[in-house]
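Q: sharing a model that was predicted from the sequence below.
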Amino acid sequence: MAILVTGGTGYIGSHTIVELLNEGYDVVIVDNLSNSKIEVLHKIKQITKKDFKFYEVDILCREALEEIFKKNSIEAVIHFASLKSVGESVAKPLMYYNNNIVGTLVLCEVMNRYNVKKMVFSSSATVYKGSDSPLTEDSELGATNPYGNTKLMIEQILRDIYMSNNSWGITLLRYFNPVGAHESGLIGEDSVDTPNNLMPYITQVAIGKRKQLNIFGDDYNTYDGTGIRDYVHVVDIAKGHLKALDEILNKNQCEVYNLGTGKGYSVLDIIYQFTESTGIDIPYTVCNRRPGDVAICYADSTSAYEKLGWKSERNLDDMCRDSWKWQVLNPFGY
Ligand code: NAD
Ligand code: UD1
């Protein structure tokens, strides 16, 4: 029996596949390579020395997806495949609703047809309305952009599927801010365009690709005025999927868990830690706030600890060092 991983050549998917293979799972990957490169497959093999199947398929293509379910004995699905840029989703909402929501509907219909009823879904801290951190799974929900709306809507769809037939086992994982890379430096976040997120922007400044970091506002109501987030190592996030999988393989349920460290760090904290961890200074300038940003967002991940036995193990130093190692070994990405 195999685990089907949609979006498996992407950033979090590739790290999760390494953990799955290391734990002895059979893995089948589906990705349309819209935001990832085929080269990652060789890197995964290099790290794990294990084999797996890969299909270059769009999850919107029902026939191709059905073929995969016919040819492979799938036990559960980890569903990463999604478009994820907030700004792009505001400009192209139809593309986001179609890819993320219709893609998930097609996937769920095919799963249902082939009697595969176990799914771990990639949700996000972006589904929380406010910044009354620490955020628990019961904090108020509400997204402010089409990307966030797709995550909220898919969560609701998956809950409804479980309500209609509780032989499903579904886990919604709300990631906070995944950063870092595999300790080998062979896989990481492949930012080809200008990165939207803080850590890849910092590593590009450090390697000289960009002149300086623009800090989006230093007038927030925080201890140094810059935004506070819950950065969590991507390998810890990947390991969270194996815990979630373990749970649903043994239990029918629809549960939701925050995956974060429970600690918030400011933009300036990250800059100082990066310099401390790598010896490289990060020039920066302060500019206007980015629309849609909240001041403070960090997780209460007690539930993931108590029910899944998951907690983050890597600290900010690991996150900075591993992000930097990936950048240095792959200055042009994959
Ligand atoms: P990513 O873009 O690196 O990976 C997503 C993968 O899905 C890509 O390889 C892309 O080619 C593939 N894909 C997209 N649409 C597809 C389709 N229709 N059919 C087949 N493949 C398709 O993103 P990531 O950072 O690895 O994120 C993985 C998941 O986690 C996403 O659902 C994302 O929304 C969610 N998430 C990410 C973050 C983050 O900061 N990275 C935070 C919270 C949630
Ligand atoms: C962003 C997304 C969010 C997504 C999350 C994790 C937006 C508005 N939100 O949130 O939907 O779930 O990533 O992938 O895009 N910062 C700078 N300069 C930069 C980049 C960021 O100062 O060049 C600051 C931001 O203002 C923020 C912090 O750094 O305070 C972290 O930013 P980022 O990495 O983009 O994550 P989020 O803001 O949490």
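A: The structure has been received and is ready for your questions. Numbering: from 1, shown residues only. Ligands and ions are numbered 1, 2, ... in the order given.
Q: list of residues touching stretch 93-108?
A: When contacts are defined by CB atoms under 8 Å, 6 or more residues apart in numbering, stretch 93-108 is touched by residues 6, 58-62, 65, 77, 79, 81-83, 88-89, 119, 121, 146-147, 149-151, 153-154, 157-158, 161. Backbone N, C-alpha and C define where each C-beta goes, glycine included.
Q: which of these count as buried?
A: Burial by neighbour count, 16 or more other CB atoms under 10 Å: within those this picks out 6, 58-60, 65, 77, 79, 81-83, 88-89, 119, 121, 146-147, 149-151, 153-154, 158, 161.
Q: if we check ligand 1, which of those residues are in contact?
A: Taking CB under 6 Å from any ligand atom as the test, ligand 1 is in contact with 6, 58-60, 81-83 out of those.
Q: one step back: in strands, which of the contacts of stretch 93-108 fall?
A: If you go by DSSP state E, those have 6, 77, 79, 119, 121 in strands.
Q: got phi/psi on the residue of the stretch 151-300 of the chain found nearest ligand 1?
A: For the stretch 151-300 of the chain, the residue closest to ligand 1 is Tyr175, as judged by CB to the nearest ligand atom, at 4.0 Å. Main-chain torsions, Tyr175, degrees, to the nearest 10: phi -80, psi 150.
Q: coming back round to it: quick one: which of the ones next to ligand 1 among the buried ones among the contacts of stretch 93-108 sit in helices?
A: With helices taken from DSSP state H, there is no overlap with these.
Q: redo these as CSV? Include distance to Leu249 and pLDDT.
A: Supplementary listing: those in CSV, determined by distance: CB to CB, whole Å; pLDDT from 0 to 100:
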residue, distance to Leu249, pLDDT
Thr6, 18, 99
Asp58, 27, 98
Ile59, 22, 98
Leu60, 27, 98
Ala81, 21, 98
Ser82, 23, 98
Leu83, 29, 97
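Q: okay if I get the residues you listed as JSON lines plus distance to Lys49?
A: Below are those laid out as JSON lines (distance: CB to CB, whole Å):
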{"residue": "Thr6", "distance to Lys49": "24"}
{"residue": "Asp58", "distance to Lys49": "30"}
{"residue": "Ile59", "distance to Lys49": "29"}
{"residue": "Leu60", "distance to Lys49": "33"}
{"residue": "Ala81", "distance to Lys49": "26"}
{"residue": "Ser82", "distance to Lys49": "29"}
{"residue": "Leu83", "distance to Lys49": "32"}
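Q: surely Pro146 meets Ala91?
A: No. The criterion here is CB atoms under 8 Å, and Pro146 misses it with Ala91 at 9.2 Å.
Q: what parts of this structure come near ligand 2?
A: Residues of the chain lying close to ligand 2 (CB under 6 Å from any ligand atom) are 86, 124-126, 177, 196-198, 201, 213-216, 227, 229, 267, 290, 292-293, 297.
Q: only the buried subset of these, as a PyMOL command please.
A: Burial among these is assessed by 16+ other CB under 10 Å; the matching PyMOL selection reads:
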select buried, resi 86+124+125+126+177+197+198+201+213+215+216+227+229+267+297
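Q: out of the residues of the chain next to ligand 2, who's near ligand 1?
A: Restricting these to those near ligand 1 by CB under 6 Å from any ligand atom leaves Ser124.
Q: among the residues of the chain next to ligand 2, which are in helices?
A: Counting by DSSP H, those place 86, 198, 201, 267 in helices.
Q: count of neighbours near the closest residue to the last one other than its chain neighbours?
A: It stands for Val267. Spatially, and ignoring its direct neighbours in sequence, Val267 is nearest to Thr226 (3.8 Å; CB to CB, 6 or more residues apart in numbering). The local packing of Thr226 (other CB atoms under 10 Å) involves 23 other residues.
Q: ok, Thr226 touching Ile215?
A: Yes. Using CB under 8 Å, Thr226 is in contact with Ile215, at 5.9 Å.
Q: Ile270 sits in which helix or strand?
A: helix 267-278 (DSSP states H and E).
Q: and whatever helix or strand comes next after that helix, how far out from the chain middle?
A: Downstream of helix 267-278, the first helix or strand assigned by DSSP H and E is strand 284-287. Distance of strand 284-287 from the chain centroid (CA atoms, centre = their mean, to the nearest Å) equals 27 Å.
Q: just checking, what packs against strand 284-287?
A: strand 213-216 (3 or more CB pairs under 8 Å, 6 or more residues apart in numbering; DSSP states H and E).
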